[in-house]
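> predicted structure and sequence below. I'll ask about it afterward.
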Amino acid sequence: MKRAAVIGCGALGTILVTNFARAEGWTLTGVMARTKAHAEALAANAGCRAATTLEELLADKPDLVVEIAGIGAAKAYGEAVLEAGCDFVLVSAGALADADWKARMTETALRTGRRIHVASGAIGGFDVLRTAALMGVEEATFESTKSPKSLSGAPGLMGVELPADRETLAFEGGVEEAVRGFPKNINVAAATVSAADAPNVRVRLVASPGLTVNTHHIDVKAGEMHCELFFHSAYDPKNPRSSTSTAWSVLALLKNLESPISYF
Ligand SMILES: NC(=O)C1=CN([C@@H]2O[C@H](COP(=O)(O)OP(=O)(O)OC[C@H]3O[C@@H](n4cnc5c(N)ncnc54)[C@H](O)[C@@H]3O)[C@@H](O)[C@H]2O)C=CC1
Ligand SMILES: O=C([O-])CC(=O)C(=O)O
């Protein structure tokens, strides 16, 4: 059995850890939160270590560490995880919009012989996006629709509350600006841009009152291929920003890594 540890005990981390038995071929060694009580509550059910520091989390020598905590956590721990000889699963893919961090992580992975796996998260189709990258992306757009309450408090809104009675365009622009303005909402766009090797993707974020799902629409033209990917995904009642399928995508990724047959 391969050994995994998890950074992040929030809405998605809880779904991931609670269903960890579904990741065939893997055992969970530990979970890490900022507060001990938070980590202990989840670890007690999972029968694993509760950690508040990376050193504690790595004490059981996991093969792989999943970040499911936030862009800040990914940037704070990613390189140290690779240096410790573990593979790294990135869920807060918004971190990839920081070209310097991505380059440092790539260099560290190459030097240590470890791998970085970007979880498909709330979307998917990374196989097609990688294919499009190889063929050469000519045109690509990305649009997410979310409820205004899931965007509330985002730095990009600068304190403005979005209308609760009509659809509004909350953001339109490049991926770096999107991630700066909506770091907890638009990881999916950064993952798309990175997978498709298409830095100029136009990102749109629409606020739609009454919406009970998050939707993501990717449109890519590359050579002879035109692909459209469309996702509707229910969000976590504990966190309306995040689609619950994100946590399941990590379980599917882990299972895939240990499976004799791999679906790219
Ligand atoms: N790639 C994708 O498609 C998606 C990515 N996400 C991202 O996944 C992450 C988790 O989402 P949720 O569970 O919904 O968020 P959440 O806010 O419910 O939970 C995040 C947890 O991580 C903890 N945390 C933050 N920094 C930490 C650190 N340095 N060390 C330890 N714990 C830390 C927080 O205290 C919180 O308990 C977020 O960054 C979110 O933006 C969410 C949905 C889709
Ligand atoms: O969960 C989703 O639908 C997308 C999301 O929050 C993100 O990419 O940050």
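The structure has been received and is ready for your questions. Ligands and ions are numbered 1, 2, ... in the order given.
> and the nearest residue to A95 once chain neighbours are set aside, how far from ligand 1?
Nearest residue to A95 in three dimensions, chain neighbours excluded: A74, at 4.2 Å (C-beta to C-beta, 6 or more residues apart in numbering). To be clear about C-beta, it is placed using only N, CA and C from the backbone, and glycine gets the same treatment. Separation of A74 from ligand 1 (C-beta to the nearest ligand atom, to the nearest Å) stands at 8 Å.
> buried set for the host helix or strand of A74?
Assigning secondary structure by DSSP states H and E places A74 in helix 71-83. Along helix 71-83, these residues count as buried under the neighbour rule (16 or more other C-beta atoms under 10 Å): 71, 73-75, 77-79, 81-82.
> average pLDDT for that helix?
When pLDDT is averaged along helix 71-83, the result is 98.
> do stretch 53-65 as well
For stretch 53-65, mean pLDDT rounds to 98.
> contacting residues around the residue located most distally from the centre of the chain?
The C-alpha centroid of the chain is most remote from D165, which lies 30.0 Å away (C-alpha atoms, centre = their mean). By C-beta atoms under 8 Å, 6 or more residues apart in numbering, the contact list for D165 reads P209.
> look up how far ligand 2 lies from it.
Relative to ligand 2, D165 is positioned 23 Å away (C-beta to the nearest ligand atom).
> residues of the helix or strand harbouring A252 that come out buried?
In the assignment (DSSP H and E), A252 maps to helix 245-257. For helix 245-257, the buried set under the neighbour-count rule, 16+ other C-beta under 10 Å, comprises 245-254, 256-257.
> over to stretch 214-230?
Under the neighbour-count criterion of 16+ other C-beta under 10 Å, stretch 214-230 has 214-222, 229 buried.
> ok, now stretch 15-30?
Under the neighbour-count criterion of 16+ other C-beta under 10 Å, stretch 15-30 has 15-17, 20, 23, 26-30 buried.
> try stretch 110-117
Neighbour-count burial for stretch 110-117, counted by 16+ other C-beta under 10 Å, picks out 112, 114, 116-117.
> I'd like to know which of the buried residues of helix 71-83 is nearest to A190.
For the buried residues of helix 71-83, the minimum distance to A190 (C-beta to C-beta) is 8.9 Å, reached by I71.
> residues in contact with the residue nearest to A95?
Counting by C-beta under 8 Å, 6+ apart, A74 touches 67, 90-92, 95.
> ok, A119 touching W248?
No. Between A119 and W248 there is no contact, the gap being 9.9 Å when judged by C-beta atoms under 8 Å.
> up against ligand 1, what does the stretch 1-150 of the chain have?
On the criterion C-beta under 6 Å from any ligand atom, ligand 1 has as its neighbours in the stretch 1-150 of the chain the residues 7-13, 32-34, 68-73, 76, 91-93, 121-122.
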